[in-house]
Each structure stands twice: as structure tokens, then as C-alpha cells.
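Engineer: Predicted structure and sequence below. I'll ask about it afterward.
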Amino acid sequence: MITRIVKMTFAPEKVETFLEVFHANAEKIRTYPGCIQMQLLRDLHAENIYYTYSHWNSEEDLNHYRNSSLFRGIWAATKIGFAENAVASSLIFVD
């Protein structure tokens with residue numbers, strides 16, 4: 001299983017647009033083949049910093065999503081609101 005965390009810092013005036021895009025597409029992401037779960041988190045103190053936290057069956061499933069037209073459309077609509085570059089990490093559990 002892969003855990004994917006993406007930190008996104010938005011220009012304050014772009015947050016509402018991002019939230020509209022996210023909520024319009026969240027269920028499509030959650031039901032994408034290989035996605036186990038996906039959540040949106042907001043920084044406790046910075047109202048313009050958001051994180052997506054998702055679990056994927058495999059790196060192949062994650063990459064399939066990242067190369068999909070669904071992702072490309074969401075990402076294009078999301079990144080125009082960034083105040084900083086997004087930071088993404090793919091992680092695995094270590095016992």
C-alpha cells in the first residue's frame with residue numbers, strides 16, 4: 001500500500017475556487033481504481049494550506065491515476081491557485 005501526501009499552499013483568494021474543484025471531484029478520486037481512501041486536511045493555523053492524504057493499492061495504481069485525464073483536469077484547475085509549488089511524498093509503512 002502507498003500513502004500519498006500532497007501539501008498545497010494557495011493564494012488566500014484562490015482557496016474557495018480550489019475547494020469547489022476538490023468537492024466536485026472528490027468522489028471520482030475516491031472511487032478511482034486502486035484508491036483505498038482519500039481525505040482533505042487543512043493546516044491548523046494557516047487557512048490557505050491544504051493536504052491531500054490518500055492510500056493506494058500500489059504505486060502502479062497511483063501512477064495510473066496521475067496519468068489519467070481526470071487527474072490532469074483537476075490538477076490544471078488546482079495549480080493555478082498555488083502561492084507555492086506543491087510538495088508531494090509517496091510513502092510506505094515500515095514496521
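Structural biologist: Nice, I can see it. Remember, it's a predicted structure, so these values are computed and weren't measured experimentally.
Engineer: what number of residues lie near the nearest residue to Lys14 once chain neighbours are set aside?
Structural biologist: Setting aside the residues directly before and after it, Lys14 is nearest to Gly81 in space (C-beta to C-beta, 6 or more residues apart in numbering), at 3.0 Å. Every residue, glycine included, has its C-beta placed from N, CA and C. Gly81: 20 surrounding residues under other C-beta atoms under 10 Å.
Engineer: Can you name the residues in contact with stretch 42-61?
Structural biologist: For stretch 42-61, contacts defined as C-beta atoms under 8 Å, 6 or more residues apart in numbering pick out 1-12, 15, 18, 29, 33-41, 62, 65, 83, 90.
Engineer: Then stretch 3-14?
Structural biologist: Outside stretch 3-14, the residues within contact range by C-beta under 8 Å, 6+ apart are 18, 46-56, 62, 78, 80-84, 86-93.
Engineer: residue boundaries of the strands in this protein?
Structural biologist: Assigned by DSSP state E, the strands in the chain fall at 2-9, 35-42, 49-56, 87-91.
Engineer: Please go through the chain and pick out the longest helix.
Structural biologist: The residue-count maximum for a helix in the chain (DSSP state H) belongs to helix 15-30.
Engineer: returning to what we had before: arrange the strands of the chain in JSON lines, one row each, with distance to Ile74 and mean neighbour count as further columns.
Structural biologist: What follows is these, written out as JSON lines (distance: least, C-beta to C-beta, whole Å; neighbours: other C-beta atoms under 10 Å):
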{"stretch": "strand 2-9", "distance to Ile74": "11", "mean neighbour count": "17"}
{"stretch": "strand 35-42", "distance to Ile74": "12", "mean neighbour count": "14"}
{"stretch": "strand 49-56", "distance to Ile74": "10", "mean neighbour count": "18"}
{"stretch": "strand 87-91", "distance to Ile74": "14", "mean neighbour count": "11"}
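Engineer: Arrange those in JSON lines, one row each, with distance to His23 as further columns.
Structural biologist: Listed next are these as JSON lines, based on distance: least, C-beta to C-beta, whole Å:
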{"stretch": "strand 2-9", "distance to His23": "15"}
{"stretch": "strand 35-42", "distance to His23": "9"}
{"stretch": "strand 49-56", "distance to His23": "12"}
{"stretch": "strand 87-91", "distance to His23": "21"}
